[in-house]
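Participant: Generate coordinates for the sequence data below:
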Amino acid sequence: MQAPTHMLTGVFLLVLFQAIFPNAPIWIQVLVIFPLSFASHFLIDASAIITYHPPKSDWKDPFWVSYHLVIYILTIVVAIYFWRAYWWTMIAATLVDIVDWIFLRAIFKKKAILHPIADKLRNFLYKKTPNWNYKRWTVIFEFIIMGILLTLILILR
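Facilitator: Purely as a prediction, here's the structure:
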């Protein structure tokens, strides 16, 4: 899935925790939510089998470029809007991508080490689910998930 989905998941987990335990000290919140946000990345990426998520960039495809432009803009908007109160849980929720895609692949030119965990989880949880990664209409599922997360965040805050 895409960065805004991961970031909103991290925010949602913290907002939910704070709604259930409003007086929990920050160190308890970090102790519980940081690992949950980090772990959520694997489940969310495993679920990407039902969304438009081609494994390789296609800069010649106008749809792919347009979709990713919208995702990049949404990433910036979500980060700016929620950064002040939720920066650490958004980082935790995107840490897998930060490690694999930024540090290992882009900087050190190495293979991803964390995303194979999501692949194994996908093979376990969704072995009978069709792979819709190339189906353009499945972008709607990512936007629905983001919309649900954002709605829940706004309700719980």
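
Participant: Mean pLDDT per helix and strand in this protein: which one sits at the bottom?
Facilitator: Lowest by mean pLDDT, DSSP states H and E among the helices and strands of the chain is helix 115-125, with a mean of 95.

Participant: ok, longest helix in this protein?
Facilitator: helix 62-97 (DSSP state H).

Participant: quick one on the thing from earlier: ok, and what's touching the next helix or strand after the least confident helix or strand of the chain?
Facilitator: Later in the chain than helix 115-125, the nearest helix or strand by DSSP states H and E is helix 139-156. For helix 139-156, the external contacting residues (CB atoms under 8 Å, 6 or more residues apart in numbering) are 1-2, 4-5, 8-9, 11-12, 15-16, 18-19, 50-52, 67, 74. Bear in mind the C-beta positions are built from the backbone N, C-alpha and C, glycine included.

Participant: ok now do residue 17, which residues does it touch?
Facilitator: Residue 17 neighbours (CB under 8 Å, 6+ apart): 24, 29, 32, 33.

Participant: ok, now with 6 Å
Facilitator: Residues in contact with residue 17 (CB atoms under 6 Å, 6 or more residues apart in numbering) are residue 33.
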